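*Asks:* all I have is the shape, not the residue letters:
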């Protein structure tokens with residue numbers, strides 16, 4: 001029996017963000033237009049908050065979702081879409097994120113726009129048969145638990161790894177990958193894994209092209225459930 005249960009995957013966060021070369025202003029009519037377009041797509045957000053440089057919409061029912069549009073500086077804006085503890089599948093979240101991006105473009109952007117950067121993040125929880133950090137430290141990394149005495153007499157309740165991988169020359173589109181693998185402090189037998197993709201190269205979005213949050217998220221999910229899990233399970237599969 002494997003100590004790390006690959007089949008126990010639970011999605012606890014979906015998120016995608018775009019940074020755009022465009023001015024954004026907190027205009028009341030524009031905000032209302034944005035909400036009207038979203039409502040036509042059956043996306044209703046009962047809670048809103050307006051700041052001097054941002055506008056946030058929050059939905060708690062159905063599947064939680066937050067949308068934030070903001071000005072990051074002169075002629076630089078962003079749109080961020082996320083879901084904590086999602087009820088909807090990744091596919092449905094991706095479709096809703098696409099609808100949000102379409103509404104954002106119709107409301108605030110010109111025919112043609114430049115995306116300066118995009119990043120997508122997915123967080124998963126997995127079950128372990130024992131303490132998740134014990135599995136990670138001793139089984140996966142082959143470390144001695146007695147080494148912690150160098151840190152003093154305090155017990156180590158948990159911890160993990162953070163991996164950052166830069167873009168490769170052969171990437172068709174430059175891609176940076178960041179991974180966090182750590183024990184989940186609220187449930188010691190759960191492993192928390194965060195996988196983030198960052199596409200740092202600016203790209204021009206033609207008038208007839210759409211934002212692609214669904215495709216971006218699917219690429220993160222594929223990597224998180226294959227390569228990342230293979231990396232974690234190496235100590236067991238190589239036996």
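*Replies:* Structure's in. What do you need? Keep in mind that this is a model prediction, so the values were computed, not measured.
*Asks:* the residue nearest in space to the middle of the chain: which element?
*Replies:* Relative to the mean C-alpha position of the chain, the nearest C-alpha, by CA atoms, centre = their mean, is the one of residue 121, at 1.7 Å. Residue 121 belongs to strand 113-128 when elements are defined using DSSP states H and E.
*Asks:* what does residue 178 give?
*Replies:* Counting by DSSP H and E, the element that carries residue 178 is strand 176-183.
*Asks:* related to what we said a few turns ago, quick one, the strand holding residue 121 and strand 176-183 angle?
*Replies:* With axes from the mean of the first three to the mean of the last three CA atoms, to 10 degrees as the criterion, the two stretches strand 113-128 and strand 176-183 enclose an angle of 20 degrees.
*Asks:* residue 114 against residue 201, yeah?
*Replies:* No: here residue 114 does not reach residue 201: they are 11.0 Å apart, not a contact under CB atoms under 8 Å. (Glycine included, C-beta is placed from N, CA and C.)
*Asks:* can you pull out the strands in this protein?
*Replies:* If you assign secondary structure with DSSP state E, the strands in the chain sit at 4-20, 47-50, 54-59, 65-73, 76-84, 113-128, 160-165, 176-183, 190-199, 203-205.
*Asks:* distance of residue 220 from residue 116?
*Replies:* Using CB to CB, to the nearest Å, one gets 19 Å for the distance from residue 220 to residue 116.
*Asks:* mind giving me the packing neighbours of the strand holding residue 178?
*Replies:* Where contact means 3 or more CB pairs under 8 Å, 6 or more residues apart in numbering; DSSP states H and E, strand 176-183 is packed against helix 132-134, strand 160-165, strand 190-199.
*Asks:* show me where the protein dips below the pLDDT cut-off.
*Replies:* Applying pLDDT under 70 to the chain flags residues 1, 235-239.
*Asks:* rewinding a little: more crowded one of residue 220 and residue 116?
*Replies:* Neighbours around residue 220 and residue 116, counted as other CB atoms under 10 Å, are more numerous at residue 220. The numbers are 22 against 18.
*Asks:* nearest residue to residue 97 other than its sequence neighbours?
*Replies:* The spatially closest residue to residue 97, leaving aside those adjacent along the chain, is residue 213, at 3.9 Å (CB to CB, 6 or more residues apart in numbering).
*Asks:* what comes up buried for stretch 31-51?
*Replies:* Buried residues in stretch 31-51, counting neighbours by 16 or more other CB atoms under 10 Å, are found at 31, 34-35, 37-38, 43, 45.
*Asks:* check stretch 92-105 too.
*Replies:* Of the residues in stretch 92-105, those buried by neighbour count under the rule 16+ other CB under 10 Å are 92-94, 96-101, 103-105.
*Asks:* what sits against the residue lying closest to residue 130 once chain neighbours are set aside?
*Replies:* In space, and not counting its chain neighbours, residue 130 is closest to residue 3: 6.2 Å by CB to CB, 6+ apart. Residues counted as contacts of residue 3 (CB atoms under 8 Å, 6 or more residues apart in numbering) are 128-130, 135, 139, 236.
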